[in-house]
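S.K.: Quick one, fold the following:
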Amino acid sequence: MYILGIESSCDETACAIVKDGTTVISSVVASQIDIHSKYGGVIPEIAAREHLKNIDTVVNLALDQAKLSLDDIDAVAVTQGPGLIGALLVGISYAKALAVSRSLPLIPVNHVQAHVHASLLVDDDDKLQKPQEESELFPALAFVVSGGHTNLYRMNNYTSYELIAHSIDDACGECFDKVAKLLGLGYPGGKLIEELAQKGDPHRFSMPTVMSTKTMMFSYSGLKTHMVHLISSFNEEELKTNICDICASFQQAALNQLAKKILYTKTIYKDTKQVIIAGGVSANMKLKQILLDHGIRYLAPKLKYCGDNAAMIAGFGYRLFQENIKTPECFYDYSWDAFSRYDFSK
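M.R.: Numbering: from 1, shown residues only. This is a model prediction of the structure:
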């Protein structure tokens, strides 16, 4: 079964075709990073206009790469939210038109939850890697860490998500981006901080202890505030001299919180078979090393599926379709009034 997925929640216009929920036949992403980097973050109106420019090309490229036509597609999955409303409008409108014109089922997908399915994807040309069986995966703890979310879910199957913990303020990835901006490194900040941190001493600067280890919730505003004061205490020359140690100390504190929360959560949910990490921060190699140092075995996406992509949308869409989870009728209402009232936070 071939699912065509469309993603346009933020600044990536993406389309992918996934077979049977796990095998990626094609995946195309048009990134806007170069456009938004000069502003230090995503400008919603610019993002929406770029989606309009790119979406038709991206969909056609995905079909060409897969050597398939629309006649081969069994259903269309699209990000319904959360995300930037103008950006989502482009993807949803295109997906609706495509589904109606070809009489295909339309499957709205939660973007944050879909990140978990990125960890379950295999490429069509993978000869050795095989999808894991459902019995090997669940119950699972699924951890989505990105620029917008730091969520921990309990999952009993592919489509059940119980949110058991989240950040009470800033997301982990957002904290990385803000600290990178304070350091004058640019956007997005996670990769830039990780590269500098590899040359630094993670114990050089003391960092605040954030949130008790006896709670599953996360917090990053205190760490961010601490970094504001620390960075402002240096003059320009001192900052250049110490920047690697600053990045290493900050990264260690930010990532240690994630590992400690997972360890604590596993003591409560003792029947957990798998820890799944996903989202942009899951690309961080230091995070993976810290998890292993704490004895946490994990399942993570390939690097190309850590960020926003449509393969994860198609993969999750397949599972929703198999579970016969019905699309809300309001999603098929094509009037602007209905669209403007749609809850994009879901």
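
S.K.: how many other residues sit next to residue 324?
M.R.: By the measure other C-beta atoms under 10 Å, the count of residues near residue 324 is 6. All C-beta atoms are positioned from the backbone trio N, CA, C, and that covers glycine.

S.K.: Over to residue 292?
M.R.: For residue 292, the tally of surrounding residues (other C-beta under 10 Å) stands at 12.

S.K.: these two touch, right, residue 193 and residue 185?
M.R.: Yes - the criterion here is C-beta atoms under 8 Å, and residue 193 meets it with residue 185 at 6.9 Å.

S.K.: the more surrounded of the two?
M.R.: Counted by other C-beta under 10 Å, residue 193 and residue 185 do not tie: residue 193 has more neighbours, with 27 against 19.

S.K.: Would you mark the buried spots in stretch 25-36?
M.R.: For stretch 25-36, a neighbour-count test (16 or more other C-beta atoms under 10 Å) marks 25-30, 32, 36 as buried.

S.K.: Domain boundaries for this structure, per the record?
M.R.: 2-121+305-340, 134-300 (automatic domain parsing).

S.K.: Okay, now the last one: how far is its last residue from its first?
M.R.: Right, domain 134-300. With C-alpha to C-alpha, to the nearest Å applied, domain 134-300 spans 16 Å between its terminal residues.

S.K.: mean confidence for that domain?
M.R.: Domain 134-300 shows a mean pLDDT of 94.

S.K.: Which parts of the stretch 101-250 of the chain are strands?
M.R.: Applying DSSP state E, counting those that start in this stretch to the stretch 101-250 of the chain gives strands spanning 106-110, 122-123, 140-145, 150-155, 162-166.

S.K.: Touching stretch 152-160 from outside, list them.
M.R.: Residues outside stretch 152-160 that contact it (C-beta atoms under 8 Å, 6 or more residues apart in numbering) are 21, 113, 116-117, 134, 138-144, 161-166, 216, 218, 261-262, 265, 269, 276, 316, 319-320, 323, 325.

S.K.: again, but for stretch 88-97
M.R.: 6-9, 13, 48, 51-52, 55-56, 59, 76-81, 106, 108, 332, 334, 339, 344.

S.K.: and with 6 Å instead?
M.R.: 6, 8-9, 51-52, 55, 76, 78-79, 81, 344 (C-beta atoms under 6 Å, 6 or more residues apart in numbering).

S.K.: Restricted to strands, list these.
M.R.: With DSSP state E as the criterion, strands contain 6, 76, 78-79, 81 from among those.

S.K.: Which two among those residues are spaced furthest apart?
M.R.: Taking C-beta to C-beta as the measure, the ones in strands among the contacts of stretch 88-97 span a maximum distance of 16.4 Å, between 76 and 81.

S.K.: Out of those two, name the residue with the larger neighbour count.
M.R.: residue 76 (27 against 19).

S.K.: Find the nearest non-adjacent residue to the most centrally placed residue in the chain, please.
M.R.: By C-alpha atoms, centre = their mean, the chain has its centre lying nearest to residue 279, at 3.1 Å. In space, and not counting its chain neighbours, residue 279 is closest to residue 146: 3.6 Å by C-beta to C-beta, 6 or more residues apart in numbering.

S.K.: That neighbour and residue 183: what is the separation?
M.R.: According to C-beta to C-beta, to the nearest Å, residue 146 stands 20 Å off from residue 183.

S.K.: what's the angle between the helix or strand harbouring residue 313 and strand 106-110?
M.R.: Here residue 313, judged by DSSP states H and E, is contained in helix 311-322. With axes from the mean of the first three to the mean of the last three C-alpha atoms, to 10 degrees applied, the angle from helix 311-322 to strand 106-110 works out at 120 degrees.

S.K.: thinking again about what came up before, more neighbours: which of residue 146 and residue 183?
M.R.: residue 146 (24 against 19).

S.K.: List the contacts of the more buried one.
M.R.: Contacts of residue 146 by C-beta under 6 Å, 6+ apart are 173, 279-280.

S.K.: How about residue 177?
M.R.: With C-beta under 6 Å, 6+ apart, residue 177 has these contacts: 147, 188-189.

S.K.: Most neighbours among those residues, please name it.
M.R.: residue 147 (26 neighbours).

S.K.: Now do the nearest residue to it once chain neighbours are set aside against residue 284, distance only.
M.R.: Distances taken as C-beta to C-beta, 6+ apart place residue 173 nearest to residue 147, at 3.6 Å, with adjacent residues excluded. Distance of residue 173 to residue 284, computed by C-beta to C-beta: 10 Å.

S.K.: Please apply the same query to residue 46.
M.R.: 27 Å.

S.K.: any idea how far the strand or helix carrying residue 47 is from the chain center?
M.R.: According to DSSP H and E, residue 47 maps onto helix 44-66. Remark: helix 44-66 is offset 19 Å from the chain centroid, using C-alpha atoms, centre = their mean, to the nearest Å.

S.K.: What residues sit buried inside that helix?
M.R.: For helix 44-66, by 16+ other C-beta under 10 Å, it's 46-52, 54-55, 58-59, 61-63, 66.
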